[in-house]
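In: Using only what follows, build the 3D model:
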Amino acid sequence: MATQWQTFPVEFKGGLISNLSPLQQGINAVGSATTLQNFEPSKEGGYKKVLGYSRYIDDVVPGSGSVLGVRVVNQEKALAIRKNGSNFSEYYINVAGAWSSLGAAASLGGKVRGVDFNFGTVHKVMLVDGVNSPAVFEDTTDTLTFPTLTADATGAEHIEIYKNTIFLGNGSNLVFSAPYDETDFTPANGGGIINVGHTITGLIVFRDQLIIFSRNTVQRLTGSSIADFQLQPISDGIGCLFPDTIQEVGGDVIYMAADGLRLLSATDRIGDFGLEIASAPISKDALDFIKSTDNFSSIVLREKAQYRVFGHIESVADQVSKGLVATKFSDQGASRIEWGTLEGFKVYCSDGRYIPGQELTLFANGTGYVYKLEDGSSRDGETIRAVYESPFMPIDDPKLRKTLYKATLYVDLNGTFSVDFNLKFDLFKVKNYNSTVQPATINLASSSTGVFVYGGVNSLYGTATYGSQLDKVYDTPVIGSGQTFAFRIEDISINPSFTLDTAIFEYRSHDRN
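Out: Coordinates of the predicted model:
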């Protein structure tokens, strides 16, 4: 009888979790995911299908091999570096939809990292590649130079600006310039060298201090000039493995350590720091990801308070390349970080800049194209495979059999919608699970085909239809019974992004056996 039916709501929240046993997760973290691929936990609630990427300009960066670096200069201008025909690192700038050479370094360098600064009236970018002398790009004249610097500055792998001073990480040496002069590293004018005792793996400025990472230590530099610079330890035994995983997001610094992705957070005590494992909820996935390669890149989407890190393996196809996404819901600490995984984003190098009203994020790999992230609903024309799978949930009593009759899915749409919906029953009956007949796949699709949201990434002037009502509630009858159940939602398409809000299941409990 209908009056005996009950409802079980599932609010999509909590993100990917892999550090709980199946039954614990199904009881204590309803709405979390055992698979959350190409869905991002959204600060507006629910799980949102990630946006795709498109070519920044429709021209290949000349040369061969992976693009060694990209740098966003401003809204209209970017730099790209790639190996040229003479086996040197050559620098390019986008001009009128094509890449134009700015000049080449003296030899082939490694991955390029850079910083922006303005020590007077000119915006500049300084870049290092681990081999050559640093390069300096001047924005107003679109010129690139390789100034002659001290031997200690040549071959630096890391670069940061602190107290209007250029700091370079070169082996275990922290080499710094005279204040307000990116080309003067002489001690007589305020330059110098500090040996930090370990090979530097990354630099970042955080809370009025320069953080220096090595593989096994975290240190900080305070002071304002050579007269009062002081080097102090933060942590011994826990460092950063890969420099391109270091980012500041939501008021904390996140970086990849041997035991996962960690947060460097300021605490209430002056001068004190907290070091938490931010990736604890996905410990298994994070450790497998760290072991998968030694080449990583990361970006921050500031408007979303979101961190993304990508693993690059040259022999792996782009459609199966892996990454992790983390959305930070709290101002500080790891307690409100929700995770997901990425697939289909092959990133060797990346860079982003927040320009008022727009966030421009670029990345590149071995194709030679530079791509614009968060643009469109496809991977440069290819489909995005987005998958959500819930834990097995007992609803109220894991020993009672329940029959499901109806499912209702609430979604926020931006256009055409079509997903496959599956139910699964009784994972915990291990002996009988493989022989259990599971319900058939159900397709949930919008009836308002061709309806668009004004201003949406897929809306095309002159062809898009506005004003019609988008379906947001999808009811479907379901068949199946068991003591526990899980459900799976899968989208493989170039349809516009959508957000999973809530699912409601109507069921009836049976008598205890």
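In: hey, let's count contacts and neighbours off CA atoms from now on
Out: Noted.
In: which residues of the stretch 151-300 of the chain fall in helices?
Out: 283-292 (DSSP state H, counting those that start in this stretch).
In: likewise the stretch 401-513 of the chain?
Out: Under DSSP H, counting those that start in this stretch, the stretch 401-513 of the chain gives helices at 430-433.
In: Low-confidence ranges, it, go.
Out: The stretch 401-513 of the chain contains residues with pLDDT under 70 at 428-437, 447-470, 513.
In: So which residues of it form strands?
Out: 402-412, 418-425, 442-445, 473-477, 481-482, 485-493, 499-509 (DSSP state E, counting those that start in this stretch).
In: can I get those strands in a markdown table with distance to residue 171 and mean neighbour count?
Out: A markdown table is the format used below for the strands of the stretch 401-513 of the chain (distance: least, CA to CA, whole Å; neighbours: other CA atoms under 10 Å):
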| stretch | distance to residue 171 | mean neighbour count |
| --- | --- | --- |
| strand 402-412 | 50 | 19 |
| strand 418-425 | 51 | 19 |
| strand 442-445 | 56 | 14 |
| strand 473-477 | 58 | 13 |
| strand 481-482 | 60 | 21 |
| strand 485-493 | 46 | 18 |
| strand 499-509 | 46 | 20 |
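In: Go through those and name the closest to residue 318.
Out: The closest of those to residue 318 is strand 485-493. By CA to CA, the value is 15.6 Å.
In: contact partners of the closest one?
Out: 378, 383-394, 418-427 (CA atoms under 8 Å, 6 or more residues apart in numbering).
In: sorry, back to before: what's the closest of the strands of the stretch 401-513 of the chain to residue 38?
Out: strand 485-493 (9.7 Å).
In: to the chain's geometric centre, what's the distance from that closest one?
Out: Here strand 485-493 is found 22 Å from its chain centre; the criterion is CA atoms, centre = their mean, to the nearest Å.
In: quick one, that strand and strand 402-412 angle?
Out: 30 degrees (axes from the mean of the first three to the mean of the last three CA atoms, to 10 degrees).
In: C-alpha coordinates for strand 485-493, CSV please?
Out: The C-alpha coordinates for strand 485-493 follow below in CSV (Å, rounded to 0.1, in the frame of the first residue of the first chain):
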residue,chain,number,x,y,z
PHE,A,485,21.6,-0.4,-1.9
ALA,A,486,23.8,2.0,-3.8
PHE,A,487,23.2,4.1,-6.9
ARG,A,488,25.4,5.3,-9.8
ILE,A,489,24.9,8.3,-12.1
GLU,A,490,27.0,8.5,-15.2
ASP,A,491,27.2,11.2,-17.9
ILE,A,492,29.4,10.7,-21.0
SER,A,493,28.7,13.7,-23.3
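In: and that strand with strand 499-509, angle?
Out: 150 degrees.
In: What residues of stretch 234-244 count as buried?
Out: 234-235, 238-244 (16 or more other CA atoms under 10 Å).
In: Could you give the backbone dihedrals for residue 26?
Out: When read as degrees, to the nearest 10, the backbone of residue 26 gives phi -70, psi -30.
In: Please name the nearest non-neighbouring residue to it.
Out: Excluding the flanking residues, the one nearest residue 26 by CA to CA, 6 or more residues apart in numbering is residue 393, at 4.2 Å.
In: Likewise for residue 84?
Out: Spatial nearest neighbour of residue 84, excluding adjacent residues (CA to CA, 6+ apart): residue 63 at 4.4 Å.
In: What is the burial count for that neighbour?
Out: Residue crowding around residue 63 was assessed by other CA atoms under 10 Å; the count is 18.
In: ditto for the one 10 residues further on
Out: As a burial measure, residue 73 scores 20 neighbours (other CA under 10 Å).
In: So it versus residue 80, what's the distance?
Out: 11 Å (CA to CA, to the nearest Å).
In: ditto for residue 247
Out: Applying CA to CA, the value for residue 247 to residue 80 is 21 Å.
In: more crowded one of those two?
Out: In this view residue 247 and residue 80 are compared by other CA under 10 Å, and residue 80 has more residues nearby, 28 against 21.
In: Show me what secondary structure element comes after the helix or strand encompassing the more buried one.
Out: Per DSSP states H and E, residue 80 falls inside strand 77-83. For strand 77-83, the succeeding helix or strand toward the C-terminus, using DSSP H and E, is strand 89-95.
In: what comes up buried for that following strand?
Out: Neighbour-count burial for strand 89-95 [16+ other CA under 10 Å]: 89-94.
In: quick one: which of those residues is nearest residue 126?
Out: Checking the buried residues of strand 89-95 one by one against residue 126 (CA to CA), the nearest turns out to be residue 91, at 12.3 Å.
In: Enumerate every residue touching the nearest residue to the closest one once chain neighbours are set aside.
Out: Counting by CA to CA, 6+ apart, residue 91 lies nearest to residue 81, which is 4.6 Å off, once chain neighbours are set aside. Each residue near residue 81 by CA under 8 Å, 6+ apart is listed here: 61, 67-70, 89-92, 112.
In: Need the max-distance pair from the residues you listed.
Out: The largest separation in the contacts of residue 81, counting by CA to CA, is between 61 and 112 at 15.0 Å.
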